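Asks: this is a predicted model, with the sequence first.
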Amino acid sequence: MIIDYRPVNLEDSLVDYPDHLELPVVMQREMTTYLHRSLPMCIMLTNDNYRGWFNTNFVQIFSNKLENGEIELNYLTPRDGYCEIAEVISLGYPLLDHVPDFVSYMIECINKGYYFVVHIDEFYIPDKGMYEETHFVHASLCYGYDMTKREFYGIGFDEDMTFRKMTFSFDAFREAYEESKSNYMPEAFWCEWSAVQLIKPKTPDVAFPFDLRRFTDELSDYLTSRADMYKYYSFEFDVKNAVFGMDVYKLVEEKLEEMKQGDIYIDYRAIHLLAERSRGLVDRFSYISKLYKISDELKNDFKKYEEIGERFNKVRLRFMAEFSHVEKREQINEHKREELDWAIKELRGLSKDEKEILGKIHSELLLIK
């Protein structure tokens, strides 16, 4: 059956809106491991007034072991933690059944200042990796439109898994959205209650304060592998399957050892997140240096941690080159096992060195008035 999703007189229903509108976005590279983190940050980091919030958060990490043995690393910051600085409206597909035309609805909301993070079936979207190959319901950000060209402006991953700005034709987007209602289960089960997020920054003219005490508490939790159950609750995972802070390294090492035997329960994203968080700490230490008068000893220790960040990135780049497309047991040959041995050795050394230097930094941060 062929379904025609084009509405009647779309332009006529939107005559009161401008032909072209783009809300501000930034192609940030500070957080790219997961779209549920990176897309909202492309909105919020356009405004330096939210930098205090961003730098206070995303310090502690955890890893959850799934039923099939795979592990997922993430920040121990609630998935929608940015609701502290933005109005966030989450709508599942069932709550959008009353919307006669989703494209028109998006244009109306964009004109009211709302960005869209929307899950669509990428089978129908040109420039997406699954275009006309596999039904895959995944998120993209829409921040504007052009009525003349009949397209949305968006951000997401393209066919090469490059995180970039994109355009989506109204017709393709409408079809991708409508078809996603039939194809989101079971992989994208959360679309039942959060297929679409409307996001609008709060009080953009007021700077959100950086909280040094909260930051040092998070750093302490990381060093001692302590769980903040208040934050963990929002992930709806069983805590028996989770490890926190520096204990994550032990689990990653375990999974890399299993990978040498052909049992693949870890992928590039885990290594990417370790390097991303380390680079984030480098940036946060630089931020703290500008906010407070710090000792020469602390400046020196910040500099030493920059070297830790560079070493993490070296592991990330090498792992990406060797394993980003490894999915099957038969792909693990002798060369791959040697690369895994190298990664395990490097991460083991990084864990030891990071704990030592971050322990010193934490003690020195507690002395800042």
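Replies: Nice, thanks for sending it over.

Asks: so where do the helices sit in this structure?
Replies: Ranges of helices in the chain, per DSSP state H, are 35-44, 51-56, 102-111, 170-183, 191-194, 212-224, 229-232, 247-260, 268-291, 296-323, 334-365.

Asks: ok, the residue lying closest to Glu30 once chain neighbours are set aside to Glu346 distance?
Replies: Closest residue in space to Glu30, ignoring its immediate chain neighbours: Gly280 at 6.4 Å, by C-beta to C-beta, 6 or more residues apart in numbering. To be clear about C-beta, it is placed using only N, CA and C from the backbone, and glycine gets the same treatment. Distance, Gly280 to Glu346, using C-beta to C-beta, to the nearest Å: 19 Å.

Asks: can you pull out the low-pLDDT segments for the stretch 201-350 of the chain?
Replies: For the stretch 201-350 of the chain, applying pLDDT under 70 flags no range at all.

Asks: quick one: stretch 46-58 to chain centroid distance?
Replies: Its chain's C-alpha centre and that of stretch 46-58 lie 15 Å apart, by C-alpha atoms, centre = their mean, to the nearest Å.

Asks: quick check: end-to-end length of it?
Replies: Chord length of stretch 46-58, first to last residue, is 18 Å (C-alpha to C-alpha, to the nearest Å).

Asks: now do stretch 111-131
Replies: First residue to last in stretch 111-131 (C-alpha to C-alpha) measures 29 Å.

Asks: please parse the chain into its domains.
Replies: Per automatic domain parsing, the structural domains of the chain span 11-51+80-201, 246-365.

Asks: how far does the first one sit from its chain's centre?
Replies: In terms of C-alpha atoms, centre = their mean, the centre of domain 11-51+80-201 is found 15 Å from the chain centre.

Asks: equivalent analysis for stretch 315-324, please.
Replies: 19 Å.

Asks: in that stretch, what counts as buried?
Replies: Across stretch 315-324, burial judged by 16 or more other C-beta atoms under 10 Å covers 315-316, 319, 322-323.

Asks: so what touches that stretch?
Replies: 267-268, 271-272, 274-275, 336, 339, 342-343, 346-347, 350 (C-beta atoms under 8 Å, 6 or more residues apart in numbering).

Asks: can you do 6 Å?
Replies: For stretch 315-324, the external contacting residues (C-beta atoms under 6 Å, 6 or more residues apart in numbering) are 268, 271-272, 275, 339, 343, 346.

Asks: tabulate the domains of the chain in JSON lines, adding columns for distance to Arg226.
Replies: Below are the domains of the chain laid out as JSON lines (distance: least, C-beta to C-beta, whole Å):
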{"stretch": "domain 11-51+80-201", "distance to Arg226": "19"}
{"stretch": "domain 246-365", "distance to Arg226": "10"}
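
Asks: looking at the ones you listed, which is nearest to Asp228?
Replies: Nearest to Asp228, of all the domains of the chain, is domain 11-51+80-201, at 12.1 Å by C-beta to C-beta.

Asks: pairing partners for the lengthiest strand in the chain, with directions?
Replies: Of all segments of type strand in the chain, defined using DSSP state E, the longest is strand 137-146. Sheet partners assigned to strand 137-146 using DSSP bridges are listed as strand 20-22 (antiparallel), strand 115-121 (antiparallel), strand 151-157 (antiparallel).

Asks: deepest-packed of these, please.
Replies: Greatest average neighbour count among these goes to strand 115-121 (a mean of 26), per mean count of other C-beta atoms under 10 Å.

Asks: how about the CA coordinates for that strand, as PDB?
Replies: Taking Å, rounded to 0.1, in the frame of the first residue of the first chain, the C-alpha atoms of strand 115-121 are listed here in PDB:
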ATOM      1  CA  TYR A 115      14.200  23.000  18.900                       C
ATOM      2  CA  PHE A 116      13.200  19.500  17.900                       C
ATOM      3  CA  VAL A 117      15.100  16.300  18.800                       C
ATOM      4  CA  VAL A 118      13.000  13.800  16.900                       C
ATOM      5  CA  HIS A 119      13.300  10.100  16.200                       C
ATOM      6  CA  ILE A 120      12.800   9.200  12.500                       C
ATOM      7  CA  ASP A 121      13.200   6.100  10.400                       C
END
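
Asks: and stretch 281-291, what's buried?
Replies: Neighbour counts over stretch 281-291 (16+ other C-beta under 10 Å) mark 281-282, 284-285, 287-288 as buried.

Asks: any chance of those residues in TSV, with distance to Val88 too?
Replies: Conversion of the buried residues of stretch 281-291 to TSV gives the following (distance: C-beta to C-beta, whole Å):
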residue	distance to Val88
Leu281	26
Val282	29
Arg284	24
Phe285	29
Tyr287	25
Ile288	28
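
Asks: between those residues, which is closest to Tyr50?
Replies: Taking C-beta to C-beta as the measure, Tyr287 is the one of the buried residues of stretch 281-291 closest to Tyr50, at 12.7 Å.

Asks: ok, so what distance separates the closest one from Ile368?
Replies: From Tyr287 across to Ile368, the span is 13 Å (C-beta to C-beta).

Asks: next one: Lys355
Replies: As judged by C-beta to C-beta, Lys355 and Ile368 stand 21 Å apart.
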